[in-house]
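Colleague: model the following, please.
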Amino acid sequence: MNALNFLITRNNAWAKEKLRVFLLLWFVLSYVQGVFSGFNEDEPYYYMYAMFPDWGYFDHPPMVGAFVLCGINMFGKILGIRFFSAVTSALFLYAVWRTIEYKDKYKYVNVFMLLALSIPMVSVYGFMIVPDGPLLFFASLFLLAYRWFLKSENVLKAILLGILAAGMLYSKYHGVLVLFFVVLANLKLLRNKYFYLAAGVALLLFVPHIVWQVDNGFPSLSYHLYERSAPAYKLRYTLEYPLNQLAVFGPFLLPVMVLAVWKGGKIKTPLARTMRFLFWGFLAFFFLMSFKGHVEPHWTVVAIIPAVYFTFHYVLRSERKAKYFVVASLVSAALIFVVRIALFIPSLDTPYHHQKEWAASIHDVAGDAPVIFRDSYQKPAMYTYYTN
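Modeller: Prediction:
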């Protein structure tokens, strides 16, 4: 097999149509998966955000709750709770595609589609409603708008950057890291009047959340900086960190992605410099956080965007690289497909199955009496979701 030929689509019009069909199918399949698959243990907790709307919560900003609430108001609880995960996942992919700087990139649209299909967390956030999904969505739009901003600055682009920056911050506090590394990669922004306009717009839009933090005694700062820290450092926190990243980027593709970013110095654009800072910055920051306590694998998901940006270039440099990429991505995509199919099989005994039956079995005993769950915030949310 000639891998480079396999990755080429010679007809530009057909390549554009292929991408449109791919994104449409991505949305449809993600939405169907979301409607018929069981929940991640945290998702009903974010359903509670929607039931009690506010400008903040002790652990996360409110965007995920807004996504849930809008979906439920549009289509009801079952059809709506994950609707915006599917919508924003497809839009995320399109934004990342638009961000990639490559001449005649539609010719190699197959590379992009294989990347989308073979990165585990990209598939996961297509149907699960958790804060990382909105964060990826707004981060991809922010970086696309930043690419436009770098080409030509004006007031409208600055305002757009400010709005999207606020969207990231309202999605997850990790949005602060995106903004930090973007500025660190381009310190000239600190002398740019449009940068301060964008920052002012973001700050103005974020004021309601800041006021909420003040009114409630800054619970999020206390929780993330102190309360969730491990009482003592354990070596396994650091040792498991790189292993957990295999679940984020994919065990077969992570080595390629690291090499792609490492060798990506040939791409000299300002956006490429920003992407390098984002990739290494996110991985290094959370590596250091492993000395403070356990680091959840998905905390680095924003690094997927620069990983895709550089891998797209890297695998097209030689037949050998392209061949490994094709095999690795197809194997990864097949494994992800098997796992996603398993979520549909009701007879499996996993945390994603029999949730409704679990809630009903408790309700049969408790009736309308209140039920207390000890040492869990997920279980009462799950019970509330299924029993009202």
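Colleague: can you give me the buried ones in the helix or strand where residue 273 lies?
Modeller: Taking DSSP states H and E as the definition, residue 273 sits inside helix 270-289. Neighbour-count burial for helix 270-289 flags 271-272, 274-283, 285-286, 289 (criterion: 16 or more other Cβ atoms under 10 Å). Just so you know, the C-beta spots here come from the backbone N, C-alpha and C atoms, and that holds for glycine as well.
Colleague: again with stretch 353-371
Modeller: Applying a neighbour-count criterion of 16+ other Cβ under 10 Å, one finds 353-355, 359, 363 buried in stretch 353-371.
Colleague: if we can go back for a sec, the helix holding residue 273: what's the following helix or strand?
Modeller: helix 304-314.
Colleague: find the residue closest to residue 94 in space, skipping its chain neighbours.
Modeller: In this structure, residue 94 finds its nearest non-sequential neighbour in residue 23, 5.9 Å apart by Cβ to Cβ, 6 or more residues apart in numbering.
Colleague: ok, the one you found - contacts?
Modeller: Shown in contact with residue 23 (Cβ atoms under 8 Å, 6 or more residues apart in numbering): 90, 93-94.
Colleague: same thing with residue 253?
Modeller: So residue 253 contacts 115, 118-119, 311, 325, 328-329, 332 (Cβ under 8 Å, 6+ apart).
Colleague: what do you get for residue 247?
Modeller: Residues near residue 247 by Cβ under 8 Å, 6+ apart: 120-121, 297.
Colleague: from residue 44, how far off is residue 378?
Modeller: 7 Å (Cβ to Cβ, to the nearest Å).
Colleague: repeat that for residue 212.
Modeller: Residue 212 is 23 Å from residue 44, by Cβ to Cβ.
Colleague: centre of the chain to the helix or strand containing residue 98, how far?
Modeller: Residue 98 belongs to helix 83-99 when elements are defined using DSSP H and E. Remark: helix 83-99 is offset 10 Å from the chain centroid, using Cα atoms, centre = their mean, to the nearest Å.
Colleague: angle of it against helix 304-314?
Modeller: 40 degrees (axes from the mean of the first three to the mean of the last three Cα atoms, to 10 degrees).
Colleague: tell me the buried residues in helix 83-99?
Modeller: Buried residues in helix 83-99 (16+ other Cβ under 10 Å): 83-97, 99.
Colleague: ditto for stretch 327-338
Modeller: 328-329, 332-333, 336.
Colleague: out of those residues, the closest to residue 105 would be?
Modeller: Nearest to residue 105 among these, counting by Cβ to Cβ, is residue 329 at 17.1 Å.
Colleague: how about the CA coordinates for the helix holding residue 273, as CSV?
Modeller: Output in CSV follows, covering the C-alpha atoms of helix 270-289 (Å, rounded to 0.1, in the frame of the first residue of the first chain):
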residue,chain,number,x,y,z
PRO,A,270,3.4,33.1,14.6
LEU,A,271,0.4,30.6,15.0
ALA,A,272,2.8,27.6,14.9
ARG,A,273,4.9,29.2,17.7
THR,A,274,1.7,29.6,19.7
MET,A,275,0.7,26.0,19.1
ARG,A,276,4.1,24.8,20.3
PHE,A,277,3.7,26.8,23.5
LEU,A,278,0.2,25.4,24.0
PHE,A,279,1.3,21.8,23.5
TRP,A,280,4.4,21.8,25.7
GLY,A,281,2.9,24.2,28.1
PHE,A,282,-0.1,22.1,28.9
LEU,A,283,1.9,18.9,29.2
ALA,A,284,4.6,20.5,31.4
PHE,A,285,2.1,22.4,33.6
PHE,A,286,0.1,19.3,34.5
PHE,A,287,3.3,17.2,34.9
LEU,A,288,4.3,19.7,37.6
MET,A,289,0.8,19.5,39.1
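Colleague: residues near residue 232, how many?
Modeller: Burial measure for residue 232: 6 neighbouring residues, criterion other Cβ atoms under 10 Å.
Colleague: before we move on, what SS does it have?
Modeller: coil (DSSP: H, G, I helix; E, B strand; the rest coil).
Colleague: measure it to residue 291 for me?
Modeller: Going from residue 232 to residue 291 by Cβ to Cβ gives 11 Å.
Colleague: next one: residue 238
Modeller: For residue 238, the distance to residue 291 (Cβ to Cβ) stands at 6 Å.
Colleague: also residue 107?
Modeller: Where residue 291 is concerned, residue 107 sits at a distance of 45 Å (Cβ to Cβ).
Colleague: re the thing from before, tabulate the buried residues of stretch 353-371 (JSON lines), appending pLDDT.
Modeller: Below are the buried residues of stretch 353-371 laid out as JSON lines (pLDDT from 0 to 100):
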{"residue": "353", "pLDDT": "89"}
{"residue": "354", "pLDDT": "91"}
{"residue": "355", "pLDDT": "93"}
{"residue": "359", "pLDDT": "95"}
{"residue": "363", "pLDDT": "95"}
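Colleague: out of those residues, which comes closest to residue 62?
Modeller: residue 355 (24.5 Å).
Colleague: low-confidence ranges in this protein?
Modeller: Where the chain drops to pLDDT under 70, the residues are 1.
Colleague: and whichever strand or helix holds residue 222, what's buried?
Modeller: According to DSSP H and E, residue 222 maps onto helix 219-222. Buried residues in helix 219-222, counted by 16+ other Cβ under 10 Å: residue 220.
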